[in-house]
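In: Below: sequence and its predicted model.
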Amino acid sequence: MRAKTTALVGALLLLGLWGVGSAAAQIRCPGSCNDDDRVSAAELTRMVAIVIRCGGNPQGCPEVPGGGCPAGDANGDNTIDVSDIIAVINNILAYSTGCPPPPATFTPTNTVPPTATHTATVTPSPTETNTPLPVTETPTQSPTVTATATDTPSFTPTSTPTPTITNTPAPARCGNGVVEGDEECDDGGFCVGGDNAGTACTAEEQCIGNGVCVSGARIGVACASDADCPGSQCVRCRTFGGDGCAANCTFERQVLAPLGVGSGARLFNETFSANSLNLNLTGRQTLTYGKERNGQIPIVIRAEDSQLDQISVSVLACACVRTVAAKTCGGTLFEADGVTLAVNCSLEDNCAELGKPPCAFLHGPGNSASGIIFCNGLEDGANMFWQQDAGGVPPPSPPATPAGAGPPEISFSGSGPAGASILLTTVRIGNVSGACPIVPVTPPPSPTPNVYGPDGLFCTDDDPESSRGTPNTIPLITGNVAVQINNHFHSVRRRPEFIPATPPATTGGLPFSCEALMSDNPTVFGSGVAGGFTSLNQPVLGDLVVVNQFLYVVTPTPSNTPRPTFTRTPTRTPTRTPRR
């Protein structure tokens, strides 16, 4: 935040505007656009954009996404100008929250207690209490009797609160950076959902604004309180795994999970609307997970631990699925409405420009998937329904979004048995025309783009960005999955139709065994996750509905100790927000 503020100050100096005076603030917290008594870098950026693009109108304008900033009018003249911005910058440099403290709150608190309390206690004690009672008794024993008598009353009130505080430690809180209670490790967490998303944290109060629902029917949705997350919690300082310490502060283990017989995908488009095109999925993943606590096992898949082989889509295309250490604006899957997908900033950070929360990891640093295995069953959110409106009109040239098309609408519902699981995974799916090449393809001459990279093969590390696809976050669950596209414009029949023709496309997964995962030789044999998604107006394939299954075979591992190659994230300590 201070680095961005310094850059803005430098820009003002270059413009010769730093000398402009600033009037005293007429509002509670100048620059706090969302009225949360804090000023973030995104809010300061919004003020500057309003000055440049909206003529200083505090209500904003369409050219600046995210709305206006009435609190940016620091001097109350109904216009945001340079003097208002300077007043906000001065507050940011002077106060940790960017807001001046309210003086009226502190004045009475500091004045009353010292004088009244100490005077009343000291004066009556020696004169009134000691004279009537002990003098009649033996003066010699007075010290002894007084000590005993004084000990009893003073000990009783004093000792009552003391054991409560000292001898009964507060319950361990995973994510505070301190190993305590039954914790095996504690790395702290990262702020998610709000104005300082992505900042390392050790307490909820260090994170500004929204949090995220960590499970249940609204998993991944930005939230303001637990009331927004039925059956779950709204968490602002969120813990992640993948570095040896799981999200529940236990040491992590790993199990190899090769894809077995039955793993595959079914693809529906205009051509295969009535009967799907079936594709085999091969490859392997390594699941990283913690120990069971409170009936739950946290699980992640690191981006480097998932290798899926290229997929031949008949002779039409060759597809490649790559996992991504995903980031979104705010680090949530959905915005607060539960429908709008958060902007993916994995490849380009344009969150401030769009007036969104900062770009932050969705699954934790280096992870392409994150989720929970519910060892005692899942009350709500075990099944998924995914649908998308294609607009019902002829589409433009791929891959532009068709006019009138809506975003994917994803909902979760229903209960699941012991071992039910929900994971969010982020992948990039690229495809090229024609069957998958077995031998290197001679690179075409310039200026035609070479989609295969220097080695002439597809789905290898040297493939150019243009053939890798865009990041897409897909739920993978052990329950039932249903997916459909509404209002696909059929190119031959010239009318809107469903994909598939009889919706929805369905599939399902198989629950994990928590006992097998916690055994000396852990295995995921007999379990599997399922998912699905839609994709509109893709090259070659058009509007797509895809459902898939990842079924795991026997793969016991020889050791239950954390893998020694895990490394801690070095940026957590220096970027940690200080407690207030």
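Out: In hand now; what should we look at? Owing to the predicted nature of the structure, the values given are computational and were not obtained by experimental measurement. Numbers count the residues shown, from 1 in each chain.
In: Quick one: the strands in the stretch 301-450 of the chain, in order.
Out: 306-308, 311-313, 317-323, 327-329, 359-361, 367-374, 383-389, 409-413, 420-433 (DSSP state E, counting those that start in this stretch).
In: Need those strands in JSON lines (columns: mean neighbour count, mean pLDDT and distance to R284).
Out: Where C-beta positions appear, they are placed from N, C-alpha and C, glycine not excepted. Shown next, in JSON lines, are the strands of the stretch 301-450 of the chain (neighbours: other Cβ atoms under 10 Å; pLDDT from 0 to 100; distance: least, Cβ to Cβ, whole Å):
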{"stretch": "strand 306-308", "mean neighbour count": "19", "mean pLDDT": "90", "distance to R284": "6"}
{"stretch": "strand 311-313", "mean neighbour count": "19", "mean pLDDT": "85", "distance to R284": "15"}
{"stretch": "strand 317-323", "mean neighbour count": "21", "mean pLDDT": "89", "distance to R284": "12"}
{"stretch": "strand 327-329", "mean neighbour count": "26", "mean pLDDT": "97", "distance to R284": "25"}
{"stretch": "strand 359-361", "mean neighbour count": "23", "mean pLDDT": "97", "distance to R284": "24"}
{"stretch": "strand 367-374", "mean neighbour count": "26", "mean pLDDT": "96", "distance to R284": "14"}
{"stretch": "strand 383-389", "mean neighbour count": "21", "mean pLDDT": "97", "distance to R284": "24"}
{"stretch": "strand 409-413", "mean neighbour count": "18", "mean pLDDT": "92", "distance to R284": "27"}
{"stretch": "strand 420-433", "mean neighbour count": "22", "mean pLDDT": "90", "distance to R284": "15"}
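In: With distance to A227 added, can I get the ones you listed in a markdown table?
Out: Below are these laid out as a markdown table (distance: least, Cβ to Cβ, whole Å):
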| stretch | distance to A227 |
| --- | --- |
| strand 306-308 | 36 |
| strand 311-313 | 43 |
| strand 317-323 | 34 |
| strand 327-329 | 23 |
| strand 359-361 | 23 |
| strand 367-374 | 21 |
| strand 383-389 | 23 |
| strand 409-413 | 18 |
| strand 420-433 | 21 |
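In: Where does pLDDT dip in this structure?
Out: Applying pLDDT under 70 to the chain flags the ranges 1-26, 102-171, 443-449, 554-580.
In: I'd like to know how far C174 sits from E304.
Out: From C174 over to E304 the distance is 25 Å, taken as Cβ to Cβ, to the nearest Å.
In: Settle it for me: which of the two has more neighbours?
Out: C174 (23 against 12; other Cβ atoms under 10 Å).
In: list the contacts for that one?
Out: Shown in contact with C174 (Cβ atoms under 8 Å, 6 or more residues apart in numbering): E183, D186, T239, A247, N248, C249.
In: so what's the backbone phi/psi at the residue nearest to the first one when sequence neighbours are not counted?
Out: The one in question is E183. Excluding the flanking residues, the one nearest E183 by Cβ to Cβ, 6 or more residues apart in numbering is C249, at 4.1 Å. Backbone geometry at C249, expressed as degrees, to the nearest 10, gives phi 60, psi 40.
In: Go ahead and confirm C249 touches G241.
Out: No - C249 sits out of contact with G241 when judged by Cβ atoms under 8 Å, with a separation of 9.7 Å.
In: Please enumerate the shared neighbours of the two.
Out: By Cβ under 8 Å, 6+ apart, the residues touching both C249 and G241 are G290.
In: quick revisit: looking at the strands of the stretch 301-450 of the chain, which is closest to G220?
Out: strand 420-433 (5.9 Å; Cβ to Cβ).
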